[in-house]
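Asks: Could you work out the structure for the sequence below:
(2 chains)
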Amino acid sequence: MVDFAGWYMPVQYRSILEEHKAVRRAAGLFDVSHMGEVDVRGPEAGRFLNHLVTNDVGRLYPGRVLYSPMCYPTGGVVDDLLVYLRGPDDYFLCINAGNIDKDLAWIREQAARFDVVVTNRSPDYAQLAVQGPKAPAIVQSLTDVRLDLVKYYHFTEGTVAGVSCLISRTGYTGEDGFELYHPAAGALRLAEAVLAAGIPHGLELAGLGARDSLRLEAGYPLYGHEITADISPLTAGLGWTVKLDKGVDFIGRAALAAEKAAGSAKKIVFFKTGDRRIVRAGSPVLGAAGDVGRVVSGTLSPILNEAIGSALVDANAAAQALAVDIRGAKIALQLVKPPFVPAKKT
Amino acid sequence: MSNVPPDLRYAKSHEWLKLESDGTATVGITDYAQNSLGDITFVQLPKVGAAFKAGEAFGVVESVKAASDLYSPVAGTVLAVNVALDGAPEKVNRSPFDEGWMLKLQLADLASVQALLSAEDYAKLIG
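Replies: As a prediction, this is how the structure comes out:
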């Protein structure tokens, strides 16, 4: 158990590698109640959010979910988040646990001149994620809601195991599955129901360690690693989330447009090594003539059985042969366009 | 609760040593150590013939969480290393005192074995 953003959470229940494999093979249950939830409501809620985030909130309709960074005027990232449109002028955000206070202060400050009400709902909500090829069957067995009608990056609201849930077909593993937002009081009942329904299918409880190795294998960014106040979404390879042409100005647009026009000075690349030694975050990346950057994330892929990771490197470094030094051994980095394992979400 | 076999000797750095009937010693890491490390992903072992002083680092054990040095509990020369750990480092997690053995050493002297902790004292150390 470790202190994670002020929450007491397990790195593993049994084994990071086994929990990771269980998610890819069957299903995993993650307690992600530490994540933050925010209501944004009012006549200008949509306008405000489209100004706040880089992706196009205008594309949302009730039942759809949008993934987006929100940026500083510099183009650096405040946080990455999910935006849910529940109904007219009624939006719901899911933000990272470690950024709840910072995000709320930022959102409130930016909302000041808009007719919106921003409410922190984080203490009210628990969240469980059920992820893996067996996840839909497991969750379906606990609800009358037709989950086959809830497509990827869509959501609905209904009852699961008698607990009122926002049922979101989203996740952080690269597998099919659901994130279930529900009142904190129902969390234990829901978790026990998912375990009872899921264990016969091979579902396992999965901790923070597996959550990180799964997301890295899927090529997903983690705030504080691939995106930060100093690493823009363009630098991080998330250009698809920056809709410069969405028709309204948004925070960071000018800086991001300039970065796009000039080309990013650095970029996040993903790599594997063909070796089992984990390349640790912070390790220098060596190019033809010296240091060209540093590793930002690294782990062992239990599926590929080799070290995988990401690095922030000079833009021209991607064309060079790159390596890291592990205890005196020079290990070559093989650049990979993620995901490291085929994406299976539908 | 960690397993602490009574017939072994222990170093404060969580290695164990077994004195074999032929006077050589087998070395590995304890149940407490493998549990603290979590899933072991890689074990770096020395070459046969390498010599170490008591307390000198002989290799590295890597887990998802971190890499840690391995320390020779006694002075000696490496007679054999467990090559099975190359492809299956998880043997150290599953069987730290048996299949997860790391080195076989030719002892330089018997005194450094005596200086190691008994099972009882090691059990007190890990609490």
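
Asks: CA only for contacts and neighbour counts going forward, please
Replies: Fine.

Asks: how about the residues of the stretch 151-300 of chain A near chain B?
Replies: A:276-278, A:299-300 (C-alpha under 8 Å from any C-alpha of the partner chain).

Asks: For chain B, just list every one of the helices.
Replies: In chain B, the segments counted as helices under DSSP state H are B:31-37, B:90-94, B:111-114, B:119-126.

Asks: same deal with chain A?
Replies: Taking DSSP H as the test, the helices found in chain A are A:16-25, A:45-52, A:100-111, A:135-140, A:187-198, A:208-218, A:253-262.

Asks: could I get these as CSV with distance to residue A:92, mean pLDDT and mean neighbour count?
Replies: Putting those into CSV (distance: least, C-alpha to C-alpha, whole Å; pLDDT from 0 to 100; neighbours: other C-alpha atoms under 10 Å in any protein chain shown) gives the following:
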stretch, distance to residue A:92, mean pLDDT, mean neighbour count
helix A:16-25, 27, 97, 22
helix A:45-52, 10, 98, 22
helix A:100-111, 13, 98, 16
helix A:135-140, 22, 98, 20
helix A:187-198, 19, 98, 18
helix A:208-218, 23, 97, 23
helix A:253-262, 23, 98, 16
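
Asks: Ok, which of the ones you listed comes nearest residue A:271?
Replies: helix A:208-218 (10.2 Å; C-alpha to C-alpha).

Asks: What pLDDT is listed against residue A:346?
Replies: Predicted confidence (pLDDT) at residue A:346: the value is 53.

Asks: what sits against the residue most central in space within chain B?
Replies: Computing the C-alpha centroid of chain B and ranking residues by C-alpha atoms, centre = their mean puts residue B:28 first, at 2.2 Å. Taking C-alpha atoms under 8 Å, 6 or more residues apart in numbering or on different chains as the definition of contact, the neighbours of residue B:28 are B:15-17, B:96-97, B:100-103.

Asks: a markdown table for these, including neighbour count, pLDDT and distance to residue A:79?
Replies: What follows is these, written out as a markdown table (neighbours: other C-alpha atoms under 10 Å in any protein chain shown; pLDDT from 0 to 100; distance: C-alpha to C-alpha, whole Å):
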| residue | neighbour count | pLDDT | distance to residue A:79 |
| --- | --- | --- | --- |
| B:15 | 22 | 98 | 44 |
| B:16 | 29 | 98 | 47 |
| B:17 | 26 | 97 | 50 |
| B:96 | 23 | 98 | 43 |
| B:97 | 25 | 98 | 46 |
| B:100 | 23 | 98 | 43 |
| B:101 | 23 | 98 | 46 |
| B:102 | 27 | 98 | 45 |
| B:103 | 24 | 97 | 48 |
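
Asks: Show me which positions of stretch A:284-303 end up buried.
Replies: For stretch A:284-303, the buried set under the neighbour-count rule, 16 or more other C-alpha atoms under 10 Å in any protein chain shown, comprises A:284-287, A:291-302.

Asks: And those residues, which two are furthest apart?
Replies: Of all pairs drawn from those, the greatest distance, 28.9 Å, lies between A:291 and A:302 (C-alpha to C-alpha).

Asks: Show me which residues of stretch A:65-80 are buried.
Replies: Taking 16+ other C-alpha under 10 Å as the neighbour-count basis, stretch A:65-80 is seen to contain the buried residues A:65-72, A:74-80.

Asks: now, which of these lie within strands?
Replies: When those are checked against strands using DSSP state E, the ones located there are A:65-71, A:77-80.

Asks: Switch the helices of chain B over to a markdown table, and while doing so, append distance to chain A to every line.
Replies: Shown next, in a markdown table, are those (distance: least, C-alpha to the nearest C-alpha, whole Å):
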| stretch | distance to chain A |
| --- | --- |
| helix B:31-37 | 10 |
| helix B:90-94 | 10 |
| helix B:111-114 | 29 |
| helix B:119-126 | 18 |
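
Asks: closest one to residue B:32 among the helices of chain A?
Replies: helix A:16-25 (17.4 Å).

Asks: who are the neighbours in contact with residue 34?
Replies: All of this refers to chain A. For residue A:34, the set of contacting residues under the criterion of C-alpha under 8 Å, 6+ apart consists of A:7, A:97, A:126-127.

Asks: try again with chain B
Replies: Residues in contact with residue B:34 (C-alpha under 8 Å, 6+ apart) are B:40, B:92-93, B:96.

Asks: What lies in contact with stretch A:138-153?
Replies: The contact list for stretch A:138-153 (C-alpha under 8 Å, 6+ apart) reads A:64-66, A:130, A:136, A:156, A:158-161, A:168-170, A:176, A:178, A:193-194, A:197-198, A:201, A:345-346.

Asks: quick one on the thing from earlier: can you lay out the contacts of residue B:34 as TSV showing distance to residue A:245?
Replies: Compiled in TSV, these are given as follows (distance: C-alpha to C-alpha, whole Å):
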residue	distance to residue A:245
B:40	48
B:92	55
B:93	54
B:96	59
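
Asks: Who wins on neighbours among the residues you listed?
Replies: residue B:92 (28 neighbours; other C-alpha atoms under 10 Å in any protein chain shown).

Asks: check contacts around that one.
Replies: Residue B:92 sits next to B:29, B:34, B:40, B:85, B:99-101 when contact means C-alpha under 8 Å, 6+ apart.

Asks: Pick the one among those closest to chain A.
Replies: residue B:40 (9.4 Å; C-alpha to the nearest C-alpha).

Asks: How about the closest one: what's its closest non-neighbour residue?
Replies: Spatially, and ignoring its direct neighbours in sequence, residue B:40 is nearest to residue B:63 (4.2 Å; C-alpha to C-alpha, 6 or more residues apart in numbering or on different chains).

Asks: Who are the contact partners of residue A:174?
Replies: For residue A:174, the contacting residues are A:214-215, A:218, A:343-345, by C-alpha under 8 Å, 6+ apart.

Asks: Got the phi and psi for it?
Replies: Dihedral pair for residue A:174: phi 90, psi 0, per degrees, to the nearest 10.
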